[in-house]
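K.L.:
predicted coordinates and the sequence they were generated for:
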Amino acid sequence: MLKKNIAFFDFDGTITTQDTMLELARFTSGGLKFFIGITQLSPWLVAMKLSLVRKKTAKEKLLAYFFGGMSIQEFDKKCIEFTTQRLPSLIKKEAMAAIESHRAAQTPVVVVSASAENWVAVWCKQNNIECIASRLELIDNRITGKLRGENCNGMEKVSRIKELFNLADFGNVYCYGDTGGDKEMLAIATHPFYRCYQ
């Protein structure tokens, strides 16, 4: 019996041209507040780039600064506005062409992202794509700035994929990524694509 195929795509930088968490912060905060925030957070962002702190730690600092204390209802509303008004201009045409090519071949497409599911899943639903993403911690229906569980990056991407899919069931596994955080996911592919689509 011929096995079916599956395709996994990273989101930020692979499907999009920019980091969508930063773009969401800019979209919801406005230029001045965003600039002030990034300036204050720059030591954490630099430390992350130099691998002095975990990506999860720097991400939580950013989430707490821009969204900490916000109700989940308000945040989700902002995420929908972002995916409708801003996100379309950040989508790479070549990435969508690759996605459409897989769908034309009846290959399921799954986005696996370190960004939060609150906005990534909205875009995925709009495009009939499955979504695996980081989850935000809530207390009393408000964002704490922490992640619930691990950041969906590196080996965590593979762990989350394997929770939902038995890769032995698939004849071809296509994986698309653009950073070191996608290395482990690319390693499980029969067809890995690093910063390219064919």
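P.N.:
Structure's in. What do you need?

K.L.:
now do the contacts for the closest residue to residue 182 other than its chain neighbours.
P.N.:
In space, residue 182 comes closest to residue 10 once its chain neighbours are excluded; the distance is 4.9 Å by C-beta to C-beta, 6 or more residues apart in numbering. From N, CA and C alone the C-beta is placed, and that goes for glycine too. Residues in contact with residue 10 (C-beta atoms under 8 Å, 6 or more residues apart in numbering) are 111-113, 157, 176-179, 181-182, 185.

K.L.:
got a list of what the closest residue to residue 40 other than its chain neighbours touches?
P.N.:
Spatial nearest neighbour of residue 40, excluding adjacent residues (C-beta to C-beta, 6+ apart): residue 65 at 7.1 Å. By C-beta under 8 Å, 6+ apart, residue 65 lies in contact with 37, 40-41, 145.

K.L.:
look up phi and psi at residue 65.
P.N.:
phi -70, psi -50 (degrees, to the nearest 10).

K.L.:
and it, how far is that from residue 85?
P.N.:
22 Å (C-beta to C-beta, to the nearest Å).

K.L.:
one more: residue 152?
P.N.:
Counting by C-beta to C-beta, the gap from residue 152 to residue 85 is 25 Å.

K.L.:
can you tell me which two in the contacts of residue 65 are farthest apart?
P.N.:
Farthest-apart pair in those is 40 and 145; separation 14.1 Å (C-beta to C-beta).

K.L.:
so which of those two has more stuff around it?
P.N.:
Using other C-beta atoms under 10 Å, the more surrounded residue of residue 40 and residue 145 is residue 145, with 19 against 11.

K.L.:
which outside residues touch the helix or strand encompassing the more buried one?
P.N.:
Assigned by DSSP states H and E, residue 145 belongs to strand 142-147. Applying C-beta under 8 Å, 6+ apart, the contact partners of strand 142-147 are 56, 59-61, 63-65, 67-72, 75, 116, 134-138.

K.L.:
for PyMOL, write a command that selects the buried ones of these.
P.N.:
PyMOL command restricting the contacts of strand 142-147 to the buried ones, with burial defined by 16 or more other C-beta atoms under 10 Å:
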select buried, resi 56+59+60+61+63+65+67+70+72+75+116+134+136
